[in-house]
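Colleague: Return a 3D structure for these sequence lines:
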Amino acid sequence: MIVIIGKVTIQPDKQAWFIEEINKAVEATLQEDGVSRYELVQAVGEPNTFMMLEEYADEAALAHHMGTEHLKALGAALGNVLAGPPEIKRYNVTSTELLQM
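Modeller: Residues are numbered from 1 along each chain as shown. Down below sits the predicted model:
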């Protein structure tokens, strides 16, 4: 499994547009094969900071997602709303287990 966590800060006056456009991308992305999670979350106490939590079954699913028209269109438009550079990290999950508490 591949996990991507992306963090962006949005210009305050662009927040409504950003949320609307990301939600369209979320809806389209969740229809793709191999995508188990694609979720927008907003930072508590930081109303213009958002994170995308993404999970892909494998490299093929991620590669397919990266080539979709909805992602390309979103990426082209985001430059006009970001308040700074995005921070995107990739994690390769090799195993999972329940935590004992």
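
Colleague: residue contacts, Asn23?
Modeller: Leu40 (CB atoms under 8 Å, 6 or more residues apart in numbering). Bear in mind the C-beta positions are built from the backbone N, C-alpha and C, glycine included.

Colleague: Distance from the helix or strand harbouring Phe50 to the middle of the chain?
Modeller: In the assignment (DSSP states H and E), Phe50 maps to strand 49-56. Strand 49-56 has its C-alpha centroid displaced from the chain centroid by 4 Å (CA atoms, centre = their mean, to the nearest Å).

Colleague: and that strand, what other elements does it pack with?
Modeller: The contact analysis (3 or more CB pairs under 8 Å, 6 or more residues apart in numbering; DSSP states H and E) places strand 49-56 against strand 2-9, helix 15-29, strand 35-42.

Colleague: Redo those as JSON lines? Include distance to Leu99.
Modeller: Putting the helices and strands packed on strand 49-56 into JSON lines (distance: least, CB to CB, whole Å) gives the following:
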{"stretch": "strand 2-9", "distance to Leu99": "17"}
{"stretch": "helix 15-29", "distance to Leu99": "28"}
{"stretch": "strand 35-42", "distance to Leu99": "19"}
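
Colleague: Lowest-scoring secondary structure element of this structure by mean pLDDT?
Modeller: helix 69-78 (a mean of 88; mean pLDDT, DSSP states H and E).

Colleague: Going by mean pLDDT, which of the helices and strands packed on strand 49-56 comes out lowest?
Modeller: Least confidently modelled of the helices and strands packed on strand 49-56 is helix 15-29, at a mean of 92 by mean pLDDT.
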